[in-house]
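Asks: okay, here's the prediction I keep looking at, along with the sequence it came from:
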Amino acid sequence: RQLKQLRQLVVDHARDLIKAGQQDMYCRSEEELQREEIQVSLDELDLLMSGLPSFMQDVAVAEHPQMGVGKLHYTPMGNTLIIGPWNFPLNLCVVPLAGAISAGCTAILKPSEVSPAVAELLAKLIPLYLDNECFRVVLGAVDETTALLQHQFDLIFFTGAPAIGKIVASAAAKHLTPCILELGGKNWVIVDDTVDMEKVADALVDGRYLINGGQNCTSPDFVVVNRAQQSLLIEALKRSIAQKISTDP
């Protein structure tokens with residue numbers, strides 16, 4: 001029921017969530033927010049709701065000569081802490097929250113203070129749709145996050161920079177709390193001599209500039225190309241940028 005309620009929250013307030021996303025990140029298009037924030041959240045919720053019966057099934061384990069026959073039986077980990085990022089402030093809060101609900105866990109959600117409009121909207125809406133005894137939203141910045149990390153959780157899900165991820169992991173280690181860390185980094189693109197340079201250029205421009213303004217964890221940072229192919233790639237990039245963005249970007 002809680003998964004259905006979370007899905008209904010996204011459906012009912014899609015317009016408000018898009019407007020909040022535009023307030024937090026100036027000029028982010030409605031089409032992109034619909035695709036990357038709203039639809040990604042709905043797709044994940046639909047997947048979990050349709051697959052939940054099979055996800056909950058016991059898994060048979062091959063017989064062991066000393067241990068005998070066994071099975072894997074999945075049980076909820078317990079209380080989880082979800083710390084969301086600013087670049088995808090909706091889907092990277094809703095998606096891990098949906099996972100926690102599916103696993104039978106409770107959750108404290110800490111949205112990013114860098115995306116205050118979305119954070120405040122989630123804090124307003126989640127109590128109206130989800131069980132308040134099981135799911136809470138905490139607003140704030142470094143002090144509030146630091147205070148949360150002083151408490152013992154059964155699982156921490158963090159999305160953000162590696163430097164903050166180290167702080168989260170260090171705090172979790174005091175309680176032997178497992179962490180899921182989705183961290184940003186530097187992404188290399190290696191261009192083979194046999195590829196279609198126009199397609200490569202289009203993909204690079206999309207990933208670097210057009211998907212959330214390049215603010216995504218798989219955005220390309222470096223390109224390695226054979227020196228003999230370098231000028232071909234540069235010209236293809238110029239054409240792609242002129243077509244997709246501007247002749248004078």
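Replies: The structure has been received and is ready for your questions.
Asks: which secondary structure state does the closest residue to Arg28 other than its chain neighbours sit in?
Replies: Ranked by Cβ to Cβ, 6 or more residues apart in numbering and with sequence neighbours excluded, the top spatial neighbour of Arg28 is Gln22, at 5.6 Å. C-beta here means a position set from N, CA and C on the backbone, and glycine is covered the same way. Assigned by DSSP: H, G, I helix; E, B strand; the rest coil, the conformation of Gln22 is helix.
Asks: contact partners for Gln22?
Replies: Arg28, Glu30, Leu33 (Cβ atoms under 8 Å, 6 or more residues apart in numbering).
Asks: can you select the buried ones among those residues for me in PyMOL?
Replies: Buried residues within the contacts of Gln22, by 16 or more other Cβ atoms under 10 Å, are selected in PyMOL with:
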select buried, resi 28+33
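Asks: which one of the contacts of Gln22 is nearest Arg208?
Replies: Nearest to Arg208 out of the contacts of Gln22 is Arg28 (Cβ to Cβ; 15.8 Å).
Asks: just for this protein, where's the confidence low?
Replies: Scanning the chain for pLDDT under 70 picks out 249.
Asks: just the residues contacting the longest helix that it contains, thanks.
Replies: The single longest helix within the chain, with elements called by DSSP state H, is helix 227-244. Outside helix 227-244, the residues that touch it by Cβ under 8 Å, 6+ apart are 191, 193, 197-198, 200-202, 204-206, 209-210, 223, 225, 249.
Asks: buried sites along it?
Replies: Gln229, Leu232, Leu233, Ala236, Leu237, Ser240, Ile241.
Asks: same thing with stretch 196-213?
Replies: Going by 16+ other Cβ under 10 Å, stretch 196-213 has these buried residues: Met197, Val200, Ala201, Asp202, Leu204, Val205, Gly207, Arg208, Tyr209, Ile211, Asn212.
Asks: just send those back as CSV, with secondary structure and distance to Pro162 too.
Replies: Formatted as CSV, these follow (DSSP: H, G, I helix; E, B strand; the rest coil; distance: Cβ to Cβ, whole Å):
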residue, secondary structure, distance to Pro162
Met197, helix, 32
Val200, helix, 28
Ala201, helix, 29
Asp202, helix, 29
Leu204, helix, 23
Val205, helix, 26
Gly207, helix, 20
Arg208, helix, 20
Tyr209, helix, 23
Ile211, coil, 21
Asn212, helix, 19
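Asks: burial count for Gly99?
Replies: 18 (other Cβ atoms under 10 Å).
Asks: for it, list the residues it contacts.
Replies: By Cβ under 8 Å, 6+ apart, the neighbours of Gly99 are Glu44, Leu48, Phe157.
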